[in-house]
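A.B. asks: Sequence first, then the predicted structure:
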Amino acid sequence: MAGPLALVGGDELHPGNEPQDALLANAAGDGPAYVVATAAARHRPELSAAHAHAWFAAFGLDMTELPVRTKTQARSADTAALARAATFFYLVGGDPGIVPDVLAGSPVWQAVVEAWVGGAALAGSSAGAMALGRWTLIRGRVPGDRDRRYRDALGLVPNVAVLPHFGTFGREWVTSALEGRPSDDVILLGIDERAAAVWSDGSWRAMGDGGVTVITVDGERSFASGEPIDGLPAPAVP
């Protein structure tokens, strides 16, 4: 059985994230646990890795970095072997486009998916969460532009495009994301900072210090922390 999957809205590794992170750490058990800093590769990824190590130590995990900052590293057979034996992966935030570019179709990503299908916990925050959907949303033109366009992501959550930081600036992306949707069955998943949509035991639930919003062409529904989330498909290996 696949392990839990958490899509976090950003501001990860800070107070407010304890409910979902405790669930993930409990699922990880004593196995190898890795932070995946691919999204932060252009923004001092070593700091993200160090932060994850310090944060998850409080949950009893010895989190280290899985070295997949580049496409070359993502092709490493040795790194894929490490991933295949792991019980927890956390994809931190950063650049929304770089994670699919580096990981899609790589031996390391295949190994991560195999480990997750075998029961490992898997989480992504902000850009990391976006990468786990069917599409990620990238900037339309220039820095500060609110328009977003679709790019294929890693596809673990069918039909979904994640809008992170929803309670701060993510909601500003809704109009362009709906207008530019590649099909009518697109589901926009707005997730507040320090909140998460968590798949565990066969269902989705909102967790953390914030809410989750499911948006389709027919409207939107919001779910508070602790509530089951309707309208999201089950995760699946693409």
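C.D. replies: Ah, there it is.

A.B. asks: now the strands for the chain?
C.D. replies: With strands called from DSSP state E, the chain shows them at 5-8, 33-36, 63-65, 88-91, 121-125, 133-139, 148-152, 157-163, 187-191, 195-200, 203-208, 212-216, 219-223.

A.B. asks: what packs against the fourth one?
C.D. replies: In terms of contacts (3 or more C-beta pairs under 8 Å, 6 or more residues apart in numbering; DSSP states H and E), strand 88-91 is packed against helix 18-28, strand 33-36, helix 107-117, strand 121-125, helix 127-132. Any C-beta I mention is one placed from the backbone N, CA and C, and that applies to glycine too.

A.B. asks: swap in the second one?
C.D. replies: Applying 3+ C-beta pairs under 8 Å, 6+ apart, one finds that strand 33-36 makes contact with helix 45-57, strand 63-65, strand 88-91.

A.B. asks: Turn the ones you listed into TSV, including mean pLDDT.
C.D. replies: Listed next are the helices and strands packed on strand 33-36 as TSV, based on pLDDT from 0 to 100:
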stretch	mean pLDDT
helix 45-57	91
strand 63-65	96
strand 88-91	98
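
A.B. asks: Report the distance from the worst-scoring helix or strand of the chain on mean pLDDT to the chain centre.
C.D. replies: Ranked by mean pLDDT, DSSP states H and E, the helix or strand of the chain with the weakest confidence is strand 148-152, at a mean of 87. How far strand 148-152 lies from its chain's middle: 16 Å, per C-alpha atoms, centre = their mean, to the nearest Å.

A.B. asks: Residue 32 versus residue 83, what's the distance?
C.D. replies: Residue 83 sits 9 Å away from residue 32, going by C-beta to C-beta, to the nearest Å.
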